[in-house]
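> could you look at this predicted model? Sequence included:
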Amino acid sequence: MKERLEQLKQEALTKVEEADSVQGLKDVRVEYLGKKGPITEVLRGMGKLSKEERPVIGQLANDVRESIAKAIETKQTTLEDEALEKQLEEESIDVTLPGRPVQVGGPHLLTSIVEEIEDLFIGMGFEIKEGPEVETDYYNFEALNLPKGHPARDMQDSFYITEELLMRTHTSPVQARTMGTRNGKEPVKMICPGKVYRRDTDDATHSHQFTQIEGLLVDKNVRMSDLKGVLNAFAKQMFGEEREIRLRPSFFPFTEPSVEMDISCKVCGGAGCSVCKKTGWIEILGGGMVHPNVLEMAGYDPKEYSGFAFGMGPERIAMLKYGVDDIRHFYTNDIRFLEQYHKA
Amino acid sequence: MLVSLNWLQEYVDVSEYTPEELAEIITKTGIEVESVEPVAEEIKGVVVGYVRSCEQHPNADKLNLCQVEVGKETLQIVCGAHNVAQGQKVAVATPGAVLPGNFKIKKTKLRGEESNGMICSLQELGIDEKDVPKEFSDGIFVFPEDVKVGENAVSLLNLDDIIIELGLTPNRSDALSMAGVAYEVAAAIDGTYELAEEMVQTSDKRASNYLSVVVDDEEANPYYGAFVIENIHVGPSPLWMRNRLTAAGIRPINNVVDITNYVLMEYGQPLHAFDYDRFGSQTIVTRRAKDGEKITTLDDQERVLNADHLVITNGEKAHAIAGVMGGAESEVQTDTTTVILEAAYFSPTVVREASKNHGLRSESSTRFEKGVDPNRVERAGLRACELLSKYAGGTVLEGVVSHDNLDRSEKQVAVNINTINDRLGTKISNEDMSDIFRRLQFTYEQEGDVFDVSVPTRRGDIAIFEDMLEEVARIYGYDNLPYTLPEGASQAGGLTQNQELKRKVKSYFEGAGLYETITYSLTSEDKAQMLVSPEVAEKAVSPVSLAMPMSEDHGTLRLSMLPELLSSLSYNVARKQENLAYYEVGTVFISEEEQVTKQPEEVLRASGALTGEWVTHPWQQEKKPIDFFVAKGILEGLSQQLDLSFGYEKAKLDYMHPGRTAVVSVDDETVGFIGQVHPKLQKQLGLKETYVFDINLEVLFKKYQKEEKFQAIPRHPSVSRDIALVVDEEVTSGTIEKTIADAGDPLVKDVQVFDLYQGEHLDKGKKSLAFRLLYLDPVRTLKDQEVEEAHNRILNAVKEKHQAELRG
Ligand SMILES: [Zn+2]
C-alpha cells in the first residue's frame, strides 16, 4: 500500500505539473482527492492492515493528500497569475492617444490685470469702489475742478446724452462721490476700476470704450512723498523688483502738483529702444496731490486735509506687459486672443 | 511746440549738454520732450554755387546746361529745374556729396553732356514739403544775393539744427514761445535768460494822426494796440528768419507775414498786419459781430458771424475775426506800402468760441485761447516794428494807438516753507527755497518762514499755494523727494460681499468652460432693443441714446449684452472658430423715462452665448453639440454656487426659439431667460444652433445668504426609490418634480429625473418619466413603513394632479 500511495503521489504531482488550466487542475483534484479517488480507496482498504501498520499508512496517506493539495494550490496561483497577466496584456492601450478634453474657459486679460491691481492695493489697505458709467456733468467734471467752459475739458472729448448726463470719461467721479459721503472728516483710501468712454475713433491705439483704475487717499498729513512711496511699491510688485520708477511733472485739472510716472523699459533695460521711443522709460500712470478745489467741493477743508490720486489704464498695461499690439483685440473677443491669457 | 536748439542757444547757453541730456532735464523739470530730431539727415558736400551761365541742353528741351562756380572751380551741371537762371546763387551738391537718404552724388553724363554735381531743391535737402516756401516748391532753391560762393550751404540753411518737440500740457502755455522756453530751460539748468529790449527807430509822424482805435466790449478786448508802418517793401524775409520759421514748422511767405509769425513764435503774442490803404477807414472799431454779419477770411471762405464773435472793423465792415483770422480784403499784398500792425489782448473764451465755431484752430487762436502774457502784448508789437524797419524797409510812426484797460499786475502767492515741507515730505531749507525762486526768476519778500512771491504775468498758470508747491517741487526735483508710506490710521482693505460674489460667479463660469468676454456698452439702436430679458423690457421705457454719436453702431446704451455677444460669436465663426462658449458680466442701462433726464439704473447682469460642439473627442466617437440642457446645466450650477433655486417656465420671447426658451425666476421673481436663439436670427448672424442666457446678478446677490454654519454630514443611511410614470406629453418634468417634492416633504430630500421615454411601447401622446427619490432623515434611520407611506402619498399626488400612471 505504501508503494501504491507513493505511486499515486508521483502520478498526481506529474498531472498537476502538466495541468495548463484552472479546469485541468480541478480535474486533477477530483481525480485524486475526490471521494471516489484512489487515495480514499486506499484508506478504505486500511481495515485489512495490522494495528501497527494502520497509523503509519494513515499518516502517509494524509501526507500524500496534503502534498498533492499543496501542489494544486501552488499551481493554481501560478495559473491565475498567468491568466491575469494575459488578460492585462490584452487590456493594454496606446497611452499616446489624446485624452478626453476637459471644457475650460478663462478670464479676460483685462479682468486678470484689474484684479491683480485690485489685490495689490487691497494688500495696502485700499477698498474698492464702483460707480455709474452714465454720470452727471457735475460729478464727471465740475466736482473735479473742471467747470463748464474749462479748456481742459477738451482733453476728454465726451459722449453726452443730455446737457447734464454723459458717459463718464474717467472713473474719478467715483472718487468725488465717495469723498462726498465722508462728511469732510473720515479718511478715504480707495481704488475704483471701471469702464470709461471717450469720443475717439477706434483704431490700433484708441478705443471709444476702455478701462481705468484710479486710486485716492485723503487724510490729514498726506504728503507727496507718500504718493511716491505707494506708487513705487505698486510698480515693483506689478512689474518686477528690478524696474526703476521716475516721476515727472505733469498737469491734470484735479491734481496739483501733478505727476506722471514712468517705469524703466523692460525691453532695453533703459538704454533706449523702439518700445520706449528711445527714452528708456515707459509712461504708466498719472496722478498728483488732490487739488484743493476738489477737496473743498467734497466737503474737506484743504488746510487740514490733503490727499493724493492716481489713475492708469489696464489696456495700456496689458499692451506693455504682454506686447498686445492693437487695443481693439480687447473688445473683438476673438477666441484665439481670449485663449492665450488664462494659462498664467 | 517745436524748439530749434540753434535758436534756443542764442537765448540760453545750453552748449554743455547733448540734445538728449537737455531733453531729459526739460522732461524731468516739467515739460515732456516728445522727440529729439535733426532738421535733416546728415548732408555732406553741399555748398553755395554761382550760376555763371545757363543754356538749354543741346539734346534735351527740358534740361539746362549750367556753368556753376563753387569757390575755386567751375562745374558743368545739367539741371532740369524750370526756375534755374544765370546769376543765381544756388545750393550745389558737388561730386562726392551725400544727400538725405544716403543719396551719393557722382560725376555723370546726361544726354551726352557731362554733369558734375546737382543743383538742389529744399526737398532734396530734407526739408518737409509743407515748410518749403511756395516760390521754391517745384524748383531749385535760390539764395539771397549776399551769401558767399563756396560757403557751406548746410549751415546757411540751418540743416545742422536739432529740433526738440515739447508736449505741452494745457497749463503751460507760457512755453508756447521761444522766450517762454528760454525762461523754463534757464530755470531747469540754472542758467540765465532775459527777454531782450526792443529797439525801434520812429519817424516824426505820429501814428495817432493816421488812425484811431475804439473798443466796444472791454471785457472781450481789454487791450487793442495799433502801430502804423510806412514805406514797406514786401519781399522775402532774411534767410535766417526763414530758417527759424521752417524749424518751427511755419512756411515762410513774405517779410511782413514772416515777421508777424516770427514774433508770434518768439514772444508767444499773435499779431496781425492790415494793409492801411485797403482798410477803408482811419478808425479801428472792435465790437461783437452782428447776427448774420459776413466776412470773407484770408482763406477765401465766406463766414457768417454772430454775437459770440468779436470782429475788427473799419467802423462799418469787419476786417478780421479777432484772434482767429484776418479778412481777405485788407490782406497784405506785394504792392502794400503802409501797414497797420495789430497787437491786442482778446479774451480767451471769445477766441475759443470763434475758433471752435469756424473750425479754425491756428497758432494764433491757440495762444489767445490759453491767455497771452499781458506784459508782452505791446512789446511784441514793438519787436515787430523793429524787424519791419530792419527787414522790410519800413518807417515806424511814432506811438501806439491803443485802447487800454488791461490788468498787468502780478499775482501774489504767499507760501510758508513749513507747509511746503509738510506737503512734500521734504526738508527744504530757506536757502534752498530762495535759490529755487531765483532760478524761476520769481521775486519775493521774505518774512521768517513765509515767502510772499510775485508771479510774473507770463506764468498765468500760477494762482494758488498748490501751484507754487508744484513749482518748488519740480525745481527741487521730483527725483529728490523721499519715498514714504502714508502714516494715517490703517484700514483693512478688502472686497465687499457683492464684489466677492462677482468674482465667484466669474470663476464659476470659467471653471464651467466659458471664456469671459468684454463687449461695448454702446451699441446700435436696433441691437439695444434685441434679446432683452422680459423683466428689463417691462421696465425700460426706451433705450438711452447719445446726443451726438460718432457712429450708428455705438450710439445707444445696451439693455442686454447678448446682441454684442452674438456678434462676437459671428466674428469667430466667420474665421472658422466654430465651438464657442462665452460669458460676460456687465451692466445694462435701464431708464424708466420717455425722455431721459436722470441717470439710468445700471444693473449688473451675466450673459452667456454658446454654439458648436460642447464635447469633441473624435477617436472615441464622443461628440456632444451644445443644446438647451448644456446651457441650462451652467445656470443650474450657478444657482448651486449661490445656494438658490431657479424656476424655469417655458416662454415665447422675440428673437428666441418659441419651443426652446424659458424664463428664469427665483422665488417667483423673474430674473432672466435662457434658450435657443431664433433660427431666423441665427441664420442672419451666420450661426448654427446657438444658446444664450441672461440673468440679473444683483437680484441673485441680494437673495444670497452666506451660509456661515457647518451643516452636519448625515450619519444615517438614505433610502432611494425609483418610480417611472406615464403622463401626457404636455406635462412637464418640472411640475411633476414639484408635486413629488411637495408630497414627499420633509422626507424626500432629492428628486432626479433619470429617464425620458417616448415611442412604440407607449400610447401616442404619452411619455414616460423616471425619477429617483432620495428619502432621508438626518437624525435617525427611517423605518420602511414611513418610506412606504410617503411613497404612496407621492403616487397618489401625481395621479391626482397629473393623471400619472405607474409604468408597469
Ligand atoms: Zn526700451
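Looks like it arrived, so ask away.
> going forward, measure contacts between C-alpha atoms and count neighbours the same way
OK.
> packing partners of the helix or strand hosting residue B:45?
Assessed by DSSP states H and E, residue B:45 sits inside strand B:44-56. Packed against strand B:44-56 by the contact rule (3 or more CA pairs under 8 Å, 6 or more residues apart in numbering or on different chains; DSSP states H and E) you find strand B:64-70, strand B:89-99, helix B:153-156.
> residue B:32: which of the ones you listed is closest?
Ranking the helices and strands packed on strand B:44-56 by distance to residue B:32, with CA to CA as the measure, places helix B:153-156 first at 28.1 Å.
> looking at the closest one now, give me its mean pLDDT.
Per-residue pLDDT over helix B:153-156 has a mean of 88.
> can you point me to the longest helix in chain B?
helix B:784-802 (DSSP state H).
> list the strands paired with whichever helix or strand comes after it, with their directions.
For helix B:784-802, the following helix or strand on the C-terminal side (DSSP H and E) is strand B:805-806. Sheet pairing for strand B:805-806, assigned by DSSP bridges, gives strand B:719-728 (antiparallel).
> tilt between the next helix or strand along the chain from the strand it pairs with and strand B:719-728?
Using DSSP H and E, the helix or strand that follows strand B:719-728 in sequence is helix B:733-744. Put simply, helix B:733-744 runs at 130 degrees to strand B:719-728, going by axes from the mean of the first three to the mean of the last three CA atoms, to 10 degrees.
> who are the packing partners of helix B:733-744?
Using 3+ CA pairs under 8 Å, 6+ apart: helix B:733-744 touches strand B:748-757, helix B:784-802.
> may I see these arranged in a markdown table, with mean neighbour count and mean pLDDT as well?
As requested, the helices and strands packed on helix B:733-744 are exported to a markdown table (neighbours: other CA atoms under 10 Å in any protein chain shown; pLDDT from 0 to 100):
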| stretch | mean neighbour count | mean pLDDT |
| --- | --- | --- |
| strand B:748-757 | 15 | 91 |
| helix B:784-802 | 16 | 89 |
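> quick one, which of these is nearest to the ion?
Evaluated with CA to the ion, these place strand B:748-757 nearest to the ion, the distance being 61.7 Å.
> beyond the closest one, next helix or strand please.
Strand B:748-757 is succeeded, C-terminally, by strand B:766-775 (DSSP H and E).
> quick one: average pLDDT of that next one?
Averaged across strand B:766-775, pLDDT comes to 92.
> please identify the helix or strand for residue A:294.
Counting by DSSP H and E, residue A:294 is found in helix A:292-297.
> tell me which other helices or strands the top helix by length along chain A touches.
When chain A is parsed with DSSP H, its longest helix is helix A:53-90. Packing partners of helix A:53-90 (3+ CA pairs under 8 Å, 6+ apart): helix A:2-18, helix A:22-33, helix A:38-44.
> what's the closest of the ones you listed to residue B:547?
helix A:22-33 (90.4 Å).
> domain parsing of the chain, as residue ranges.
With no chain named, the answer covers chain A. Split into domains by automatic domain parsing, chain A comes to A:2-90, A:109-341.
> can you look at chain B instead?
Using automatic domain parsing, chain B is parsed into the domains B:2-39+B:162-189, B:44-156, B:202-404, B:411-478, B:497-703, B:719-806.
> pull up the distance across the shortest one, start to finish.
To tie it back to what came earlier, the one meant is domain B:2-39+B:162-189. End-to-end span of domain B:2-39+B:162-189 (CA to CA, to the nearest Å): 19 Å.
> interface residues of chain A facing the ion?
Chain A comes close to the ion at residues A:265, A:268, A:272-273, A:276, A:280, as judged by CA under 5 Å from the ion.
> and with 8 Å instead?
A:264-282 (CA under 8 Å from the ion).
> strands - which of those residues land there?
A:264, A:281-282 (DSSP state E).
> tell me the confidence at the nearest residue to residue B:529 once chain neighbours are set aside?
Leaving aside its sequence neighbours, residue B:529 sits nearest to residue B:559 (CA to CA, 6 or more residues apart in numbering or on different chains; 6.6 Å). pLDDT for residue B:559: 96.
> quick check, residue B:559 in a strand?
No. Assigned with DSSP: H, G, I helix; E, B strand; the rest coil, residue B:559 falls outside any strand and is coil.
> tell me, how many residues neighbour whichever residue of the stretch 701-808 of chain B sits closest to the ion?
Closest to the ion within the stretch 701-808 of chain B is residue B:701: 46.1 Å, counting by CA to the ion. Residues contacting residue B:701 under the criterion other CA atoms under 10 Å in any protein chain shown number 17.
> residues contacting residue B:507?
Neighbour list for residue B:507: A:106-107 [criterion: CA atoms under 8 Å, 6 or more residues apart in numbering or on different chains].
> wait, I meant residue B:274
With contact taken as CA under 8 Å, 6+ apart, residue B:274 is in contact with B:330-332, B:339-342.
> what's the neighbour count on residue 9?
With no chain named, the answer covers chain A. Residue A:9 has 21 neighbouring residues, counting by other CA under 10 Å.
> please go with chain B instead
By the criterion of other CA under 10 Å, residue B:9 has 12 neighbours.
> what about residue B:369, which helix or strand?
Taking DSSP H and E as the definition, one finds residue B:369 inside helix B:363-370.
> swap in residue B:631?
Here residue B:631 sits within helix B:628-641, counting by DSSP H and E.
> same deal with residue B:469?
Here residue B:469 is assigned to helix B:465-476, by DSSP H and E.
> what average pLDDT does the helix or strand following that helix get?
Counting by DSSP H and E, the next helix or strand C-terminal to helix B:465-476 is helix B:497-511. For helix B:497-511, the mean per-residue pLDDT is 95.
> quick one on the thing from earlier: which of the residues of chain A next to the ion are buried?
A:264-266, A:268, A:270, A:272-273, A:275-276, A:278-282 (16 or more other CA atoms under 10 Å in any protein chain shown).
> can I get stretch A:162-182 in CSV? Just the C-alpha atoms.
Taking C-alpha atoms only, stretch A:162-182 is exported to CSV below (Å, rounded to 0.1, in the frame of the first residue of the first chain):
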residue,chain,number,x,y,z
THR,A,162,-28.3,115.3,-22.4
GLU,A,163,-26.7,118.6,-21.3
GLU,A,164,-26.3,117.2,-17.8
LEU,A,165,-25.6,113.5,-18.5
LEU,A,166,-22.7,111.8,-20.2
MET,A,167,-20.8,108.6,-20.4
ARG,A,168,-18.1,109.1,-17.7
THR,A,169,-14.7,109.9,-19.2
HIS,A,170,-12.8,108.6,-16.3
THR,A,171,-13.5,106.8,-13.0
SER,A,172,-12.7,109.9,-11.0
PRO,A,173,-16.4,110.7,-10.4
VAL,A,174,-16.4,107.6,-8.1
GLN,A,175,-13.8,109.4,-6.0
ALA,A,176,-15.8,112.6,-5.9
ARG,A,177,-18.9,110.6,-4.9
THR,A,178,-17.0,108.6,-2.2
MET,A,179,-15.4,111.7,-0.7
GLY,A,180,-18.9,113.2,-0.6
THR,A,181,-20.1,110.5,1.7
ARG,A,182,-17.5,111.2,4.4
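> does chain B have contacts with that stretch?
Yes. Applying CA under 8 Å from any CA of the partner chain, one finds stretch A:162-182 touching chain B at A:162, A:165.
> number of nearby residues for residue 237?
Since you didn't name a chain, this refers to chain A. If you count neighbours by other CA under 10 Å, residue A:237 ends up with 15.
> wait, chain B
Neighbours of residue B:237 under the rule other CA under 10 Å: 22.
> now it: closest residue in space that isn't a chain neighbour?
The shortest distance from residue B:237 to any non-neighbouring residue, by CA to CA, 6+ apart, is to residue B:255 (4.1 Å).
> still on that earlier bit, right, and the residue of the stretch 701-808 of chain B closest to the ion touches residue B:503 too?
No. With contacts counted by CA atoms under 8 Å, residue B:701 stays clear of residue B:503, the gap being 11.9 Å.
> rewinding a little: just put the helices and strands packed on helix A:53-90 in JSON lines and tack on distance to chain B and mean pLDDT.
Output for these, formatted as JSON lines (distance: least, CA to the nearest CA, whole Å; pLDDT from 0 to 100):
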{"stretch": "helix A:2-18", "distance to chain B": "43", "mean pLDDT": "85"}
{"stretch": "helix A:22-33", "distance to chain B": "36", "mean pLDDT": "86"}
{"stretch": "helix A:38-44", "distance to chain B": "52", "mean pLDDT": "79"}
